[in-house]
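> Okay, predicted coordinates and the sequence, questions at the end:
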Amino acid sequence: MIDYSSVLSDRVQSLVPSGIRKFFDLLEGMKDGISLGVGEPDFVTPWHIRDAGIYSLEKGFTKYTSNAGLSVLRGEISNFLYRRFDLSYDPKKQIIVTVGGSEGIDIGVRALINPGDEVIVPVPSFVCYGPLVTMAGGVPVYIKTKRENEFRLTAEELRAAITPRTKMLVLPFPNNPTGAIMERSDLEAIAEVLERTDIMVLSDEIYAELTYGQRHVSIANIPGMYERTILVNGFSKSHAMTGWRMGYVCGPQPVIKQMLKLHQYGIMSAPTTSQYAAIEAIREGDGDIEMMRQEYDYRRRLLVEGLRNLGLDCFEPKGAFYVFPSIKSTGMGSDEFCEKFLLEDRVAVIPGTAFGEGGEGFVRMCYASSVENISEALKRLASFLDKI
């Protein structure tokens, strides 16, 4: 018999599985179950984008592309970032098309981190950052953002976390799970802390198109930050293209050059069909983005108002498609609340603890679901709160 614990990687075995998945497993097969848990648009990819992918197959465009992605797609990404966010990247030297934003995060971390290097990660945040740092041999250093600051990272918190071993700061904004954003003044304060250091920034901006009431600002827009920022984005959330696995990463040429090596050896190139669909999305999809953002905004306001009417403290999220209400008033922990709500009233929400330190006492609810589902979930939540 093989002792698999002795042959498997110690780093891999040390990782804790995602705390999100088990709630989907419990929901599966549950009659009349409602999910406010999955972080995925409920919209189908717009037809003109699907049609472009289908047409590419009909034309026989089924071979590898260049490692960095189709040159025409990289050119369109460059144009898009300039048009939407006032950011300039050379499509030949500063952009890689990746398999979703997740690959961009992975190769960004691995291209920079040496064993023992520290990476600062604000939490609550998406589950992948810490494990990817660990797998690269780095040490994740978590900063617990606070409800009273609307879960924004402050300059004071960042300054206190920096040590001589700090190599990178992850900026996961707009934020999953809290819906928090960083405005220009917040980013300027962060930039002031970093300006006399060699600390790089990995800015995960996958929800950049989903902000409400203001335009998204990238830290790469802040003077002195462009040359130290790796920007990760993609099509999954903005264009409802999660299953197409289309992302991209942009940054300083010396960093992108090293990241491309990892992409070459690990991936070769992103899916060809998806790249042709992405060209159509980026050229003709601005109207799709606006339609979906308006719908999400309506659902956001509906869910926040409903939670507040039920007596749950919930700050107004200004980005992504999540709310992060406090359930401390119920006397239950996050995991207990979510399990009971699912088993008793058949509604799946995610415990804040799944997203790192600072998540206890909160739950994540995703409003990328129909108005009917949100309204019914609120009715069931009212019944659940009455019972407890």
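Cool, got the structure. Predicted model, so just to flag it, every value in this text is computed and none were measured. Numbering: from 1, shown residues only.

> Residue 1 versus residue 210, what's the distance?
51 Å (C-beta to C-beta, to the nearest Å). No exception for glycine: its C-beta is placed from N, CA and C like everyone else's.

> for residue 194, same thing?
52 Å.

> Then residue 211?
Taken as C-beta to C-beta, the span from residue 211 to residue 1 is 55 Å.

> More neighbours: the two, which one.
residue 211 (21 against 3; other C-beta atoms under 10 Å).

> mind checking the end-to-end distance for stretch 265-279?
Stretch 265-279 has its terminal residues 25 Å apart, counting by C-alpha to C-alpha, to the nearest Å.

> For that stretch, which residues meet the burial criterion?
The neighbour-count check on stretch 265-279 (16 or more other C-beta atoms under 10 Å) flags 267, 269-279 as buried.

> same check, this time on stretch 44-60
45-46, 49-50, 52-53, 56.

> Starting from residue 335, give me the distance back to residue 353.
With C-beta to C-beta as the criterion, residue 353 and residue 335 are 6 Å apart.

> any low-confidence regions in this protein?
Along the chain, the parts satisfying pLDDT under 70 run over 19-27.

> Run through the strands of it in chain order.
Per DSSP state E, the chain carries strands over the ranges 34-35, 95-99, 118-123, 139-144, 166-171, 200-204, 229-234, 246-250, 322-323, 347-348, 350-351, 363-366.

> Including distance to residue 5 and mean neighbour count, could these go into a markdown table?
Output for the strands of the chain, formatted as a markdown table (distance: least, C-beta to C-beta, whole Å; neighbours: other C-beta atoms under 10 Å):
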| stretch | distance to residue 5 | mean neighbour count |
| --- | --- | --- |
| strand 34-35 | 35 | 22 |
| strand 95-99 | 30 | 26 |
| strand 118-123 | 27 | 25 |
| strand 139-144 | 23 | 18 |
| strand 166-171 | 31 | 24 |
| strand 200-204 | 32 | 25 |
| strand 229-234 | 34 | 27 |
| strand 246-250 | 34 | 27 |
| strand 322-323 | 37 | 26 |
| strand 347-348 | 33 | 24 |
| strand 350-351 | 28 | 28 |
| strand 363-366 | 33 | 26 |
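
> surely residue 179 meets residue 304?
No. In this structure, residue 179 is not within contact of residue 304 by C-beta atoms under 8 Å, at 9.4 Å.

> which one of the two has more residues nearby?
residue 179 (31 against 20).

> which residues sit in contact with that one?
Applying C-beta atoms under 8 Å, 6 or more residues apart in numbering, one finds that residue 179 lies in contact with 300, 317-324.

> Tell me the one of those nearest residue 344?
Residue 344 lies nearest to residue 323 out of these, by C-beta to C-beta, at 21.0 Å.

> how near is the closest one to residue 365?
Taken as C-beta to C-beta, the span from residue 323 to residue 365 is 5 Å.

> what do the two both touch?
303, 307.

> how close does residue 29 sit to residue 120?
With C-beta to C-beta as the criterion, residue 29 and residue 120 are 41 Å apart.

> hey, C-alpha coordinates of the helix ranked longest in the chain in CSV?
The residue-count maximum for a helix in the chain (DSSP state H) belongs to helix 286-309. C-alpha atoms of helix 286-309 as CSV (Å, rounded to 0.1, in the frame of the first residue of the first chain):
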residue,chain,number,x,y,z
ASP,A,286,-20.6,47.9,-24.1
GLY,A,287,-24.4,47.8,-24.3
ASP,A,288,-24.5,44.4,-22.8
ILE,A,289,-22.4,45.6,-19.9
GLU,A,290,-24.7,48.6,-19.2
MET,A,291,-27.9,46.5,-19.4
MET,A,292,-26.6,43.9,-16.9
ARG,A,293,-25.2,46.6,-14.6
GLN,A,294,-28.5,48.4,-14.5
GLU,A,295,-30.3,45.1,-13.7
TYR,A,296,-27.8,44.3,-11.0
ASP,A,297,-28.2,47.7,-9.5
TYR,A,298,-31.9,47.2,-9.2
ARG,A,299,-31.5,43.9,-7.5
ARG,A,300,-28.8,45.3,-5.2
ARG,A,301,-31.2,48.0,-3.9
LEU,A,302,-34.0,45.4,-3.6
LEU,A,303,-31.9,43.0,-1.5
VAL,A,304,-30.3,45.7,0.7
GLU,A,305,-33.7,47.3,1.5
GLY,A,306,-35.2,43.8,2.2
LEU,A,307,-32.4,42.9,4.6
ARG,A,308,-32.6,46.2,6.5
ASN,A,309,-36.4,45.9,6.8
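
> Contacts for it, please.
For helix 286-309, contacts defined as C-beta under 8 Å, 6+ apart pick out 41, 43, 46, 49, 179, 209-210, 212, 238-240, 281, 314, 316-317, 321, 323, 325, 365, 367-369, 371, 374-375, 378, 381.

> got the domain boundaries for the chain?
Following automatic domain parsing, one gets these domains for the chain: 4-45+287-387, 47-285.

> first to last residue in the shortest one, what's the distance?
Spelled out, that is domain 4-45+287-387. In domain 4-45+287-387, first residue to last residue: 46 Å (C-alpha to C-alpha).

> I am finished for the moment; much appreciated.
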